[in-house]
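In: one predicted model, sequence on top.
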Amino acid sequence: MKRSITLGTAILISAGLLLTGCGDDKSAQKDAGKETSQEAVLDMTGVKDGTFSADSSEAKVGHSHVELTIKDGAITKVVHTGIDKNGNVKDEHYGEGKEPGAQKKAQNAYKAIGSYAIQLESKKDLSKVDAVAGATISYDQFKEAVEKAVDEAKK
């Protein structure tokens, strides 16, 4: 009897260890995704003073438009506008008429759009702009548009 209990316990422990070791670590995957999206370093070498604008590529939810004002080699002002797939500016009404979950996600993205501009303007460093959970597409579009605008400032 003791032998059966010991053998059963050993099997359960082994199975538990095996399942734990083979599972996918979703939090590690999320963290890895954040790290790669945060590696956005801007090379401001050779930029001219002025205001430069650029658009991100189109995604299923639209695209981003940024206007950067650069003075003495640093970004001094950032205007970030989200444009939906129909060409409308994403505003406080973005997502209205959708199911509550989709509307909440749309409003989260709208709020993130302003957050990204404020962060870049104050931190002066794209790699220090924190992506907002649930608004990763907006972050990626913002980053792309900023990089394009900086490239324009170098021409």
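Out: Received, thanks.

In: in this structure, where is pLDDT below threshold?
Out: Scanning the chain for pLDDT under 70 picks out 1-40.

In: at 80 what do you get?
Out: Applying pLDDT under 80 to the chain picks out residues 1-41.

In: which of the residues in the helix or strand harbouring S138 are buried?
Out: Assessed by DSSP states H and E, S138 sits inside helix 136-153. By 16 or more other Cβ atoms under 10 Å, the buried positions in helix 136-153 come out as 137-150, 152-153. C-beta here means a position set from N, CA and C on the backbone, and glycine is covered the same way.

In: packing partners for it?
Out: Helix 136-153 sits against helix 26-38, strand 50-55, strand 63-71, strand 74-83, helix 100-123, with contacts defined as 3 or more Cβ pairs under 8 Å, 6 or more residues apart in numbering; DSSP states H and E.

In: ok, and what's touching it?
Out: Defining contact as Cβ atoms under 8 Å, 6 or more residues apart in numbering, one finds that helix 136-153 is touched by 33, 37, 40, 42-44, 47-48, 50, 52-57, 59, 61, 63-68, 70, 78, 80, 82, 109, 112-113, 116-117, 120, 126, 129, 131-132.
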